[in-house]
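Enquirer: Sequence first, predicted coordinates after that:
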Amino acid sequence: MTATRLVRVDQVPLAFGMDWIPVLGEPDFAQAQARREGASHRVLSGNPPAALGLARGLAQRQACWSAADLWARQHPQGTMACCIALDSQTWHVLASHEGVVLARADRGYPDPGLADQALDALRLAYPRLQILHHEADGAALLRDLARQAAIVAPLVRVGRRRALPLATALVLLAGAGWWGWGGKQAMPVDTGADDRQAWDQALTQVLARRPLHGGPGTQALLHALSAQPARLAGWVLQQTRCQPGSGAGWQCRSEYRRLDPRADNRGLLQAAPTAWQLEFPTLDRAQAVWTLTLTGQPADPVRLPVSRLIARDWASALQAVLPAFTTLRLEAPQALLVPAPQDAQGRALPEPPDMPRLAYRALKVEGPLRSAGLLVPLAHSVSWHQAVLSHAPGARPGLKTSRLILHLEGSLYENRH
């Protein structure tokens, strides 16, 4: 995170160049997250809050306002951007989407051509981006932002966590068993090599039940769904549903309806792929049962992305492709629980202090099948649980609409250390 720049406009300090990360979980955690990131000030953008702005290097007693947040408040609808010449060597880009500051905006550039390239990159992610042009020095826009500050609270000071008074700390240490009348400190428990091996095996078993499909597995899933015939021998695909079975095999069931009056069961049996097992619940319905091999690998805790990078970089990448989907939701992290192994007497073994702390986030995706290819490079630590492909022949294609709509559910894994 780079130092934030203050620009005074009509005596109002405006902060430029803040870092913006998605709000994952409860907004109440924003203060703690800002403190972990080493920020001096913070602000939440959106209603409800969807982005957390972090400033660094500002004086603690300095009251100031985020220029990017003020811009987003002025444009609660649509995707809006501008470029302001702060001085003869700095061209600053501000952008927002539906009243929320974009994570890749609020950046200054030493050349107007670089600023234009940044705006072009934003337009690729947000095709409906509108760029508002102002006079060369941006004086009018800066004054508008400064006037907006009169009705907006300034940035929240982050500060440091205060240390406990010595007397209070001693009382807490005594209650925790770390201080005794004899002045001796309790020694940490050594779990031993056997205990550590048992915990490692328990973690391995948990991870084996949650294989990561990554980019190759995601690509294989999309390829298999794309290969399903939408029309076959007078029968029309309605829906395909796939979910994990035993081992690497996924069980899939495709539902077809007879729309051509001349179509019959015999014709579908002759035209169907050899791997299909066809069932005919009614005269106008057919179900094709087939197996999809989707290889996954158990997660390596060392190679999993850390939580801070997930919130900053991975979620920002999701925001970039969000316009191509109707739903793209990443939930707050949940701890990955590992059942404690037991000794010969059935007692739980103490957990080693350096055991990996892993977590997962529920991931839900819905949008055109063609858009799902954007997820392949982002699926490094993703495990898919379900895929549903719906076919609506009469739908009119658009950015977020298609005849083939895909619904995906999975989990994103991360390392909390």
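Expert: That came in fine, so what should we check first?

Enquirer: Quick check: His75 vs Arg104, distance?
Expert: His75 sits 16 Å away from Arg104, going by CB to CB, to the nearest Å. C-betas here are computed from N, CA, C, even on glycine.

Enquirer: So if I had to pick from these two, which one is more boxed in?
Expert: Neighbours were counted for His75 and for Arg104 using other CB atoms under 10 Å; His75 has more, 20 against 17.

Enquirer: Skip the chain neighbours and tell me the closest residue to the more buried one.
Expert: Distances taken as CB to CB, 6 or more residues apart in numbering place Ser96 nearest to His75, at 5.5 Å, with adjacent residues excluded.

Enquirer: The one you found contacts Gln77, correct?
Expert: No: contact between Ser96 and Gln77 fails when scored by CB atoms under 8 Å: they sit 9.9 Å apart.

Enquirer: returning to that earlier point: that's a strand at the residue nearest to His75, yeah?
Expert: Yes: with DSSP: H, G, I helix; E, B strand; the rest coil as the criterion, Ser96 is assigned to a strand.

Enquirer: What is the burial count for it?
Expert: Neighbours of Ser96 (other CB under 10 Å): 27.

Enquirer: Now the terminal residues of stretch 367-382, how far apart.
Expert: 18 Å (CA to CA, to the nearest Å).

Enquirer: Can you name the element that comes right after whatever helix or strand Gln33 lives in?
Expert: Per DSSP states H and E: Gln33 is located in helix 30-36. For helix 30-36, the following helix or strand on the C-terminal side (DSSP H and E) is strand 41-45.

Enquirer: And the contacts of that following strand?
Expert: 4, 15, 18, 20, 23, 27, 30-31, 34, 51-55, 58, 62, 64, 66, 68-69, 72, 96, 99-101, 155-158 (CB atoms under 8 Å, 6 or more residues apart in numbering).

Enquirer: Quick one: residues contacting the residue nearest to His75.
Expert: 45, 68, 71-72, 75, 79-81, 102, 105.

Enquirer: Those residues in strands, which ones?
Expert: The strands, defined by DSSP state E, take in 45, 79-81 from the contacts of Ser96.

Enquirer: now those residues as CSV including pLDDT?
Expert: As requested, those are exported to CSV (pLDDT from 0 to 100):
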residue, pLDDT
Ser45, 91
Thr79, 90
Met80, 92
Ala81, 93
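
Enquirer: and which of those is nearest Gly38?
Expert: Ser45 (19.6 Å; CB to CB).

Enquirer: Relative to Pro273, how far out is that closest one?
Expert: 50 Å.

Enquirer: neighbour-wise, which of these two wins?
Expert: Ser45 (24 against 11).

Enquirer: wait, is Gly57 part of a helix?
Expert: No: Gly57: not assigned to a helix; according to three-state DSSP it is coil.

Enquirer: My read is that it contacts Thr4, right?
Expert: Yes: using CB under 8 Å, Gly57 is in contact with Thr4, at 5.9 Å.

Enquirer: shared neighbours, the two?
Expert: With CB under 8 Å, 6+ apart, Gly57 and Thr4 have common neighbours Ser40.

Enquirer: And the two? Which one has more around it.
Expert: Thr4 (23 against 15).

Enquirer: Contacts only, for that one.
Expert: 15-18, 40-41, 55-58.

Enquirer: And the closest residue to Arg258 other than its chain neighbours, how close does it get to Arg257?
Expert: Leaving aside its chain neighbours, Arg258 sits nearest to Asp284 (4.6 Å; criterion: CB to CB, 6+ apart). Per CB to CB, Asp284 is found 6 Å from Arg257.

Enquirer: Between the two, which has more neighbouring residues?
Expert: Between Asp284 and Arg257, Arg257 has the larger neighbour count (other CB under 10 Å), namely 15 against 12.

Enquirer: if I pick that one, what's in contact with it?
Expert: 235-236, 238, 284-286.

Enquirer: among the residues you listed, which ones are buried?
Expert: By neighbour count, with 16 or more other CB atoms under 10 Å, these hold 235-236, 238, 286 as buried.

Enquirer: Ala224 touches Ala275, doesn't it?
Expert: No: between Ala224 and Ala275 there is no contact under CB under 8 Å: 10.7 Å.

Enquirer: any shared contact partners between those two?
Expert: Common neighbours of Ala224 and Ala275 (CB under 8 Å, 6+ apart) do not exist.

Enquirer: Between these two, tell me which one has more neighbours.
Expert: Using other CB under 10 Å, the more surrounded residue of Ala224 and Ala275 is Ala224, with 19 against 10.

Enquirer: Buried residues, the helix or strand hosting the more buried one. List them.
Expert: Assignment of secondary structure by DSSP H and E places Ala224 within helix 214-226. For helix 214-226, burial by neighbour count (16+ other CB under 10 Å) applies to 214, 217-222, 224-225.

Enquirer: now, which of those residues sits nearest Met355?
Expert: For the buried residues of helix 214-226, the nearest to Met355 is Gly214 (24.0 Å; CB to CB).

Enquirer: pLDDT value on the closest one, please?
Expert: Here, the pLDDT recorded for Gly214 equals 91.

Enquirer: Kindly report the same for the one 4 residues further on.
Expert: As summarised for this prediction, Thr218 has a pLDDT of 94.

Enquirer: How about it: what's its closest non-neighbour residue?
Expert: Closest to Thr218 by CB to CB, 6+ apart is Ala379, at 4.2 Å.

Enquirer: was I right about that neighbour contacting Gly214?
Expert: Yes: counting by CB under 8 Å, Ala379 does reach Gly214; the two are 5.6 Å apart.

Enquirer: and the nearest residue to Gly57 once chain neighbours are set aside, how far is that from Val9?
Expert: Nearest residue to Gly57 in three dimensions, chain neighbours excluded: Ala3, at 3.8 Å (CB to CB, 6+ apart). Per CB to CB, Ala3 is found 19 Å from Val9.

Enquirer: which one of the two has more residues nearby?
Expert: Val9 (19 against 11).

Enquirer: returning to what we had before: closest one of the contacts of Thr4 to Ala315?
Expert: For the contacts of Thr4, the nearest to Ala315 is Met18 (16.6 Å; CB to CB).

Enquirer: Who are the contact partners of the closest one?
Expert: Contacts of Met18 (CB under 8 Å, 6+ apart): 4, 43, 53-55, 66, 68, 106.
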